[in-house]
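A.B. asks: Next one to model:
(2 chains)
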Amino acid sequence: MQMDMFLDQFLNQAVLVKYTPLILKGAGVTVLLSVLIVLTGLTLGAGLACLRAYRIKAFSFAIVIFADVLRALPPLVLILLAFFGLPNIGVVLSSFTVLFLVLSLVLAAFAEEIVWAGITATPKGQWEAARSTGLTFTQALCYVVLPQAVRMVIPPLTNRAIAITKMTALGMVIGVPDILGQATTAQSFSANASPLTLAAIAYVVIFLPLVIASRWLEQRFTQKGS
Amino acid sequence: MASTYNEKGTPSSATLSVRALHKSFGVLPVLKGIDLHVQRSEMVFVLGPSGSGKSTMLRCCNLLEEPDSGAILIEGDKLTGPGVDLNKMRQRIGMVFQSFNLYPHLSALGNVTLALRRVLKMPREQAESEAIAALTKVGLSNRAGHFPSQLSGGQQQRVAIARALALKPTVMLFDEPTSALDPELVGDVLDVMRDVKEQGMTMLVVSHEMKFARDAADRVVFMDGGVIVEQGPPEQIFGAPTQERTRTFLSRFHG
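C.D. replies: Numbers count the residues shown, from 1 in each chain, chains lettered A, B, ... in the order given. As a prediction, this is how the structure comes out:
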């Protein structure tokens, strides 16, 4: 009897069939958001870490403040502030845009710290060798130091990228039609938790390969050593 | 400052000139007025106990360390001062490091071509043929595709020499090039240095390879406490040093 109740609530066949297209639509939004956030966040973060390498006081100070504040705040707070606060000063952004911007910036903050750690961990001799052949500071950074720094930090970088992209689920609170957004809507219409089961399955299908890929990357780059 | 000055030609005609060089690390003076002139195609060996300032002096010669005062000149051109393009000047000064400092993410070929392509702006094919020529000089053209982690220490150092050589520098600086090598790998690197010298390269070498200094150097400079104590031909420095400090230092090596 209890088993029947469980199946009816979480794996109701009629509900599953009915809402699968909706969840698939949500999955499209989640994937699109994830790709955009990873590309923007990692690029911006690496760019900020590079900027910090020039050790211009004002820039470095601003970057550290940015990174520390965004890493300290719960992303949900930022999402709510941006979505409900900005319209009051005349900036109206769609829920999709707010989620994209906030999570990109949060990922950028973490990525900046991680890539910066890689840059500082690159041996001083690499800079010296590069500069001694006449490369400029920027060339030494781009061609010698950054490629090594990024290789060194690929494991924490992928882990963080996965953790942040999973937070697209927070978009539900501002009505982003991503996986969870669609699932909660469907759940309230159907008064049944099966859409949430679908959502869980969708997340696993999307993110499990990423988690496995990150483990593979991690092994590959720790084996290679230097 | 005690120094027997053994000079071929005038200082102004020197390929590398170090003039009145002073350098402190914080309150600790490391170089207390160094004057050194290296002539074209000359190999000058710098010996001295650790902490004598010899590596710092060498690193000042391409401004990896910034001197407090004094001047470095390459063929009469100042390395410091307003309007000097340091990156251009550094193309004329090859540097070989104790720890090789090869770029681990690039192949031997990539290590050599990087500056050719990005500094000299050579097209890829030209850079690669120049790089192969440089790798051939150090006997490693057959290792062009290998990454540093796939090469022995001696091979890595020879690639590093090729990397510096490929830019066709006016002078080459060697900072303890064999100190990080297993004894059996030292010979190959010294052989390459000898070849480079025979092709007329001007070389300033900081090293503890006494035997090599005796065989190959044109002049030996002994430094201690941030000054040049004594300099002269190897026979003189190793055979009949005039300064007590030189004798004490050398006696530790002769055993």
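A.B. asks: right, and the secondary structure at the residue sitting nearest the centre point of chain B would be what?
C.D. replies: In chain B, the centroid-proximal residue (C-alpha atoms, centre = their mean) is B:L173; its distance is 1.8 Å. Secondary structure, DSSP: H, G, I helix; E, B strand; the rest coil: B:L173 is strand.
A.B. asks: now do B:N101
C.D. replies: coil.
A.B. asks: What are the neighbouring residues in contact with it?
C.D. replies: B:N101 makes contact with A:123, A:125-126, A:128-129, B:160, according to C-beta atoms under 8 Å, 6 or more residues apart in numbering or on different chains. No exception for glycine: its C-beta is placed from N, CA and C like everyone else's.
A.B. asks: run the last query once more with 10 Å
C.D. replies: Counting by C-beta atoms under 10 Å, 6 or more residues apart in numbering or on different chains, B:N101 touches A:123-130, A:132, A:144, B:95, B:111, B:148, B:156-157, B:160, B:163.
A.B. asks: repeat for A:L78
C.D. replies: A:69-70, A:85, A:98, A:101-103, A:105-106, A:170.
A.B. asks: residues from chain A in reach of chain B?
C.D. replies: By C-beta under 10 Å from any C-beta of the partner chain, the residues of chain A that approach chain B are A:122-137, A:139-140, A:142-148, A:150-151, A:224-226.
A.B. asks: and residue 135, what helix or strand is that in?
C.D. replies: Using chain A here. For A:L135, there is no helix or strand it lies in under DSSP states H and E.
A.B. asks: my bad, chain B
C.D. replies: Under the assignment here (DSSP H and E), B:L135 is part of helix B:124-137.
A.B. asks: cool, B:V44 as well?
C.D. replies: strand B:43-47.
A.B. asks: quick one: that strand to strand B:171-175, angle?
C.D. replies: Per axes from the mean of the first three to the mean of the last three C-alpha atoms, to 10 degrees, the angle that strand B:43-47 makes with strand B:171-175 is 20 degrees.
A.B. asks: now the angle from the helix or strand immediately after the helix holding B:L135 in the chain to helix B:124-137?
C.D. replies: Helices and strands here follow DSSP H and E; after helix B:124-137, the next one along the chain is helix B:153-165. On the basis of the same axes, to 10 degrees, helix B:153-165 is oriented at 130 degrees to helix B:124-137.
A.B. asks: Can you work out which other helices and strands pack against helix B:153-165?
C.D. replies: For helix B:153-165, the elements it packs on are helix A:124-132, strand B:93-96, helix B:108-118, helix B:124-137, strand B:171-175, helix B:183-198, judged by 3 or more C-beta pairs under 10 Å, 6 or more residues apart in numbering or on different chains; DSSP states H and E.
A.B. asks: Which SSE is immediately downstream of the helix ranked longest in chain A?
C.D. replies: Counting by DSSP state H, the longest helix found in chain A is helix A:13-53. Once the chain leaves helix A:13-53, the next helix or strand it forms, by DSSP H and E, is helix A:57-72.
A.B. asks: Tell me the helices and strands packed up against that following helix.
C.D. replies: Packing contacts for helix A:57-72, counted by 3+ C-beta pairs under 10 Å, 6+ apart, involve helix A:13-53, helix A:95-121.
A.B. asks: how far out from the middle of the chain is the first one?
C.D. replies: So the one you mean is helix A:13-53. 8 Å (C-alpha atoms, centre = their mean, to the nearest Å).
A.B. asks: Measure how it sits relative to helix A:124-132, angle-wise.
C.D. replies: Using the same axes, to 10 degrees, helix A:13-53 lies at 60 degrees relative to helix A:124-132.
A.B. asks: what's the angle between helix A:13-53 and helix A:95-121?
C.D. replies: 40 degrees.
A.B. asks: on contacts alone, who are the packing partners of helix A:13-53?
C.D. replies: In this structure, helix A:13-53 packs against helix A:2-10, helix A:57-72, helix A:95-121, helix A:137-139, helix A:146-166, helix A:179-190, helix A:194-223, with contacts taken as 3+ C-beta pairs under 10 Å, 6+ apart.
A.B. asks: OK, contacts around B:E128?
C.D. replies: Taking C-beta under 10 Å, 6+ apart as the contact definition, B:E128 lies against B:109-110, B:112-113, B:116-117, B:122, B:144.
A.B. asks: what's the distance between it and chain A?
C.D. replies: The gap separating B:E128 from chain A is 16 Å, by C-beta to the nearest C-beta, to the nearest Å.
A.B. asks: Kindly report the same for B:C61.
C.D. replies: In this view, B:C61 and chain A are 10 Å apart by C-beta to the nearest C-beta.
A.B. asks: That residue is in contact with B:V171, isn't it?
C.D. replies: Yes. Look at B:C61 against B:V171 with C-beta atoms under 10 Å: they come within range, at 7.9 Å.
A.B. asks: Residues of the stretch 1-150 of chain B that sit close to chain A?
C.D. replies: Counting by C-beta under 10 Å from any C-beta, the residues of the stretch 1-150 of chain B near chain A are B:59, B:62-64, B:85-106, B:110-112, B:114-120, B:147-149.
A.B. asks: Can you flag the buried ones in the residues you listed?
C.D. replies: For these, a neighbour count by 16 or more other C-beta atoms under 10 Å in any protein chain shown gives the buried set as B:59, B:62-64, B:89-106, B:110-112, B:114-120, B:147-148.
A.B. asks: quick one: contacts for the closest residue to B:L86 other than its chain neighbours?
C.D. replies: Excluding the flanking residues, the one nearest B:L86 by C-beta to C-beta, 6 or more residues apart in numbering or on different chains is B:L63, at 6.2 Å. If you count contacts by C-beta under 10 Å, 6+ apart, B:L63 has them with A:131-132, B:72, B:79-80, B:84, B:86, B:89-90, B:93.
A.B. asks: Now intersect those with the helices, please.
C.D. replies: Counted as lying in helices by DSSP H, out of the contacts of B:L63, are A:131-132, B:86, B:89-90.
A.B. asks: for the chain, which spans come out with low pLDDT?
C.D. replies: Since you didn't name a chain, this refers to chain A. Within chain A, the stretches with pLDDT under 70 are A:1, A:222-226.
A.B. asks: that's the wrong chain, I wanted chain B
C.D. replies: Counting by pLDDT under 70, chain B contains low-confidence ranges at B:1-12, B:254-255.
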